[in-house]
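J.: Please find the sequence and the predicted model below.
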Amino acid sequence: MSTSESSEARLELLKELQRPATLRSAWESVAANGGAAGIDRVSVQQFRSQLDTNLAALAAEIRGGAYRALPVLRVRPRFLGASDRALVVPAVRDRAVQRAVADLLTPRVEPLLSPACRAFRKGHSAKTAAADVGSWVEEGEGTPWGWARWRGGSSGW
């Protein structure tokens with residue numbers, strides 16, 4: 001891909017990202033997941049109460065190159081006890097933009113990934129990986145040659 005083709009592809013993605021239908025679809029996913037307010041203290045319900053205005057503002061920020069994600073809210077829930085692990089909560093507005101970006105990039109990236117790539121992919125998990133390996137062993141493919149299917153390469157090591 002040439003530099004000009006790459007620039008055109010990025011511009012096309014940005015155009016798609018700022019489309020009202022793209023942002024609304026992403027918002028619907030965020031709203032369905034619920035979750036806490038971020039550092040700006042705007043809840044899903046509050047964002048919904050001014051939905052058209054909020055989505056238009058996001059589109060304008062993206063279009064103008066001014067969009068910047070807010071810092072995440074760091075929370076140490078009591079159920080984690082004395083753990084040093086903190087949960088991070090992005091602002092609702094940022095979750096909508098992140099969901100829109102993921103929705104736009106996933107169909108473009110997914111075909112390029114090896115079947116062995118399981119993390120953070122819809123329909124893939126450690127359980128599905130273990131089930132695949134188990135079935136390959138049962139089928140007699142639990143050898144280095146059988147692993148080639150997973151690696152996406154030839155059967156030779």
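T.: Good, I have the coordinates.

J.: Could I get the full set of strands for this structure?
T.: Assigned by DSSP state E, the strands in the chain fall at 73-75, 87-89.

J.: Can you check what pLDDT the model gives Ser155?
T.: What the model reports for Ser155 is a pLDDT of 43.

J.: let me redo that: Gly140
T.: On the pLDDT scale, Gly140 gets 64.

J.: Likewise for Leu11?
T.: pLDDT, Leu11: 88.

J.: Let me see the domain layout of this protein.
T.: Per the record, the chain has its domains at 3-111, 114-151, by automatic domain parsing.

J.: Using JSON lines, please lay out these together with mean neighbour count.
T.: All C-beta atoms are positioned from the backbone trio N, CA, C, and that covers glycine. Shown next, in JSON lines, are the domains of the chain (neighbours: other Cβ atoms under 10 Å):
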{"stretch": "domain 3-111", "mean neighbour count": "14"}
{"stretch": "domain 114-151", "mean neighbour count": "12"}
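
J.: avg pLDDT for stretch 95-103?
T.: For stretch 95-103, mean pLDDT rounds to 96.

J.: Dump it to CSV, restricted to CA.
T.: Below are the C-alpha coordinates for stretch 95-103, written out as CSV (Å, rounded to 0.1, in the frame of the first residue of the first chain):
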residue,chain,number,x,y,z
ARG,A,95,-16.2,4.3,25.5
ALA,A,96,-18.6,5.2,22.6
VAL,A,97,-15.7,6.4,20.4
GLN,A,98,-13.5,3.3,21.3
ARG,A,99,-16.5,1.0,20.5
ALA,A,100,-16.9,2.8,17.1
VAL,A,101,-13.2,2.4,16.3
ALA,A,102,-13.3,-1.3,17.2
ASP,A,103,-16.4,-1.8,15.1
